[in-house]
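Novice: Here's a sequence, model it:
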Amino acid sequence: MPKVVSRSAVSSSTDAKPTPSSTAALRVYYCICGEFILVIDKSLSALPRRQTDGAIVVRSQDTENAKARIFKLNATPKDPVLIEREGGHEKQYRFHCPRCALPVAYQSTPPPVKSGPFFYIIKGALSQIQGQVPPDAFEDEKLLSESNIP
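Specialist: Numbering: from 1, shown residues only. Take a look at the predicted model:
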């Protein structure tokens, strides 16, 4: 006689209204090396960019006026870096790819992720297609032939 594994019933209805969680499309992003880095509830191209360095701004904490993005980051925290900015300095707590150690994101507060109000994705660090270099990865780089170096 066969063994009964479960007696639970599974049902679904084509007439049921979709829930907000079932209609939310999650986007997956990868490092240049192909490692999975980020899952987020909105396309990175639709999020605002920071004027100082072009990084993508991800709201990581709720406020009265705005809701935090839902995301999961697969990155390794590293030592903070002090960046010279116009009018002062900025301390960045960076997160690196666990496979190739490329910096992919940062925040202004010490780890863990989401400990500060905002989280920043470094411009050109992530791609939606695994193993493909993002189009803006080398946007700010100058070719040697274009420079004035003899």
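Novice: use CA for all of it now, contacts and neighbours both
Specialist: Will do.
Novice: Now do residue 11, the pLDDT please.
Specialist: In this prediction, residue 11 carries a pLDDT score of 58.
Novice: so how far is residue 35 from residue 50?
Specialist: 25 Å (C-alpha to C-alpha, to the nearest Å).
Novice: what do you get for residue 49?
Specialist: 23 Å.
Novice: can you map out the strands along the chain?
Specialist: 27-31, 36-40, 56-59, 71-73, 76-77, 81-85, 88-96, 103-107, 118-121, 126-127 (DSSP state E).
Novice: Deepest-packed of those, please.
Specialist: Highest mean neighbour count of the strands of the chain: strand 126-127, a mean of 26 (counted as mean count of other C-alpha atoms under 10 Å).
Novice: just how off-centre is it within its chain?
Specialist: 9 Å (C-alpha atoms, centre = their mean, to the nearest Å).
Novice: State the mean pLDDT of it.
Specialist: 94.
Novice: Could you name the helices and strands sitting against that strand?
Specialist: Strand 126-127 sits against strand 27-31, with contacts defined as 3 or more C-alpha pairs under 8 Å, 6 or more residues apart in numbering; DSSP states H and E.
Novice: I'd like to check which residues are in contact with residue 33.
Specialist: By C-alpha atoms under 8 Å, 6 or more residues apart in numbering, residue 33 lies in contact with 99-100, 131.
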